[in-house]
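Colleague: what's the 3D shape of this:
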Amino acid sequence: MPRLESGFIQAKKDWCDISELIYNVTIRLGEELKNFIVGIDCSNTLPLFKIDYGLMDEVLYNLVQNVTRYAPGKSCISINANEISGAFRLWLKIMAGASLGEKQKRYLRNFIVGIIPQPAEQDWDYL
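Modeller: Take a look at the predicted model:
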């Protein structure tokens, strides 16, 4: 992000299929994801969006890969995408329950962004 914000890296935006992006990332992470329950929810009517496919691919790949490193096996990973007012929203939800250790909670808490409040201890099922 700092390299993007500083202008060091310029986004090369083109029309992209977000569903394709998500499926491509999960296919490449197939080996890492084999011990997880993965759900993908994308609207059938999701339009194309003008994004830098390579950068977004890298971001999503790194996020999902980090989940496979820090969440316990057999956790549920939900990847969702939808359109809101002409923009797309993409989010991950990890459902690991009480089996998430303190180290994993501290690490994964760093990825909670946006207007969602920090989860209370009992809400980790819905991170």
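Colleague: use CA for all of it now, contacts and neighbours both
Modeller: OK.
Colleague: OK, contacts around the closest residue to Ser43 other than its chain neighbours?
Modeller: In space, and not counting its chain neighbours, Ser43 is closest to Asn82: 6.0 Å by Cα to Cα, 6 or more residues apart in numbering. Contacts for Asn82 (Cα atoms under 8 Å, 6 or more residues apart in numbering) come out as 42-43, 46, 88-90.
Colleague: Check which helix or strand the nearest residue to Leu21 once chain neighbours are set aside maps to.
Modeller: Sequence neighbours aside, Asp57 is the residue nearest to Leu21 in space, at 6.5 Å (criterion: Cα to Cα, 6+ apart). Asp57 belongs to helix 53-70 when assigned by DSSP states H and E.
Colleague: Packing partners of that helix?
Modeller: Contact partners of helix 53-70 among helices and strands, from 3 or more Cα pairs under 8 Å, 6 or more residues apart in numbering; DSSP states H and E: helix 18-28, helix 30-33, helix 102-109.
Colleague: quick one: low-confidence ranges for this structure?
Modeller: 1-6, 96-101, 103-127 (pLDDT under 70).
Colleague: And the residue nearest the centre of this structure?
Modeller: Leu92 (4.1 Å; Cα atoms, centre = their mean).
Colleague: That one against Ile79, yeah?
Modeller: Yes: using Cα atoms under 8 Å, Leu92 is in contact with Ile79, at 4.7 Å.
Colleague: for the residue nearest to the centre of the chain, helix, strand, or coil?
Modeller: With DSSP: H, G, I helix; E, B strand; the rest coil as the basis, Leu92 sits in strand.
Colleague: Next secondary structure element downstream of the helix holding Asp57?
Modeller: Following helix 53-70 toward the C-terminus (DSSP H and E): strand 76-84.
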